[in-house]
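J.: Sequence and computational prediction follow.
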Amino acid sequence: MIIVAGKIYVRPGARLDFLTSSLEAVVQARRARGCRDFVVAADPIEADRVNVYEEWESEEALLAFRGAGPDDGLTSSIVRADVDPASVKIGDRVEMTFRRLFTAGSVHNYFWKARPLRRR
């Protein structure tokens, strides 16, 4: 079993839109083969925080669902995302990806990010 637990911080005032936009992903995940649970929920204390919990039967099921990750509409709302450190180990293979960090006005700021290597 694979558990992914973490938190996402969104732009001030963007949480409701982020949660609404996440609904289809939650529905798709829960219908996906190997998904035991998938939750994207508002944090009861921090107004800009969204809690994420995923439970999968196997890494293969998780990777099959993942695809390319969130669409630009969801990604543009994210300010910062943290994942449970227990899910990442020293020596894990990673790949580099170019991600938008934030947008100020109409200027987008991109930078490199390492993510766990996806099996192809």
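T.: Good, I have the coordinates.
J.: For this protein, give me the ranges with low pLDDT.
T.: Across the chain, the ranges flagged by pLDDT under 70 are 67-90, 98-103, 108-109, 111-115, 118-120.
J.: The same query, at a cut-off of 50, please.
T.: Where the chain drops to pLDDT under 50, the residues are 68-70, 72.
J.: That one: strands as residue ranges?
T.: Assigned by DSSP state E, the chain shows strands spanning 2-10, 35-42, 49-56, 78-83, 94-104, 107-116.
J.: By residue count, what's the longest helix in this structure?
T.: In the chain, assigned by DSSP state H, the helix with the most residues is helix 15-31.
J.: What angle do strand 2-10 and it make with each other?
T.: Per axes from the mean of the first three to the mean of the last three C-alpha atoms, to 10 degrees, the angle that helix 15-31 makes with strand 2-10 is 160 degrees.
J.: the inter-axis angle of helix 15-31 versus strand 35-42?
T.: Going by the same axes, to 10 degrees, helix 15-31 makes 180 degrees with strand 35-42.
J.: mind listing what's buried in helix 15-31?
T.: Across helix 15-31, burial judged by 16 or more other C-beta atoms under 10 Å covers Arg15, Phe18, Leu19, Ser21, Ser22, Ala25, Val26, Ala29. Heads up, the C-betas are built off the backbone N, CA and C, glycines and all.
J.: Go through those residues and name the one nearest Pro116.
T.: Ranked by distance to Pro116 (C-beta to C-beta), these are led by Ala29 at 17.7 Å.
J.: Contact partners for the nearest residue to that closest one once chain neighbours are set aside?
T.: Distance criterion C-beta to C-beta, 6 or more residues apart in numbering; nearest residue to Ala29, sequence neighbours excluded, is Phe38 at 3.8 Å. Applying C-beta atoms under 8 Å, 6 or more residues apart in numbering to Phe38 gives the contacts Val26, Ala29, Arg30, Tyr53, Glu54, Glu55.
J.: change it to 10 Å
T.: 4, 22, 25-32, 52-56, 65 (C-beta atoms under 10 Å, 6 or more residues apart in numbering).
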